[in-house]
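Participant: this one's structure only:
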């Protein structure tokens, strides 16, 4: 006969070795431990998070060391094309407009075309008035011009000795 027949005190076959009640008891204990650990972890997370938010944050020395430092002068331009366009626009505006450089001192600037026109064709200026201490030389009378000797011809033409 075969030895696989169930005996009267056992439930049957291979399953008779597994204690289902003990497996359920261990599963319940593991679930309770995991749930308790999760709850404790949650409250630790919240508590430590709020206490670290209240604490004054000290900057890391690495952040301070890696901060951008402006190099000493003279510095290279970051955007030379834009800087040149801005310079040319401001220079062009100044060379083509009227304005004050120093209003208190009475110094102004004028358009360059106007300045060129004024300097290229000088305006006839009137003789400045003479001061009273300087009197003009007396004008020669007609009798003085007849009596004055004539200049030598060689001296008048510029031929020398």
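Facilitator: Noted; the coordinates are in hand. Every value quoted in this text rests on a predicted model; they were computed, and no experiment measured them.

Participant: how many other residues sit next to residue 111?
Facilitator: 14 (other C-beta atoms under 10 Å). Every residue, glycine included, has its C-beta placed from N, CA and C.

Participant: just residue 94 next, same as before
Facilitator: Applying other C-beta under 10 Å, we find 13 residues neighbouring residue 94.

Participant: where along the protein do the strands fall?
Facilitator: Taking DSSP state E as the test, the strands found in the chain are 99-102, 107-109.

Participant: and these as TSV, adding mean neighbour count, mean pLDDT and distance to residue 120?
Facilitator: Output for those, formatted as TSV (neighbours: other C-beta atoms under 10 Å; pLDDT from 0 to 100; distance: least, C-beta to C-beta, whole Å):
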stretch	mean neighbour count	mean pLDDT	distance to residue 120
strand 99-102	10	88	22
strand 107-109	11	89	18
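
Participant: Could you save those as a markdown table and add columns showing distance to residue 78?
Facilitator: Below are these laid out as a markdown table (distance: least, C-beta to C-beta, whole Å):
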| stretch | distance to residue 78 |
| --- | --- |
| strand 99-102 | 30 |
| strand 107-109 | 30 |
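
Participant: Out of the ones you listed, flag the one nearest residue 59.
Facilitator: Of all the strands of the chain, it is strand 99-102 that lies closest to residue 59, at 47.4 Å by C-beta to C-beta.

Participant: contacting residues around the closest one?
Facilitator: With contacts defined as C-beta atoms under 8 Å, 6 or more residues apart in numbering, strand 99-102 is touched by 107, 108, 109.

Participant: And stretch 45-57, by the same measure?
Facilitator: Against stretch 45-57 from outside (C-beta under 8 Å, 6+ apart): no residues.

Participant: And the average pLDDT for the lengthiest helix in the chain is what?
Facilitator: The single longest helix within the chain, with elements called by DSSP state H, is helix 20-54. For helix 20-54, the mean pLDDT works out to 92.

Participant: Look up how far residue 106 lies from the closest residue to residue 112 other than its chain neighbours.
Facilitator: In this structure, residue 112 finds its nearest non-sequential neighbour in residue 95, 4.6 Å apart by C-beta to C-beta, 6 or more residues apart in numbering. Counting by C-beta to C-beta, to the nearest Å, the gap from residue 95 to residue 106 is 20 Å.

Participant: Neighbour count for these two, which is higher?
Facilitator: More neighbours surround residue 95 than the other of residue 95 and residue 106, with 13 against 8 (other C-beta under 10 Å).
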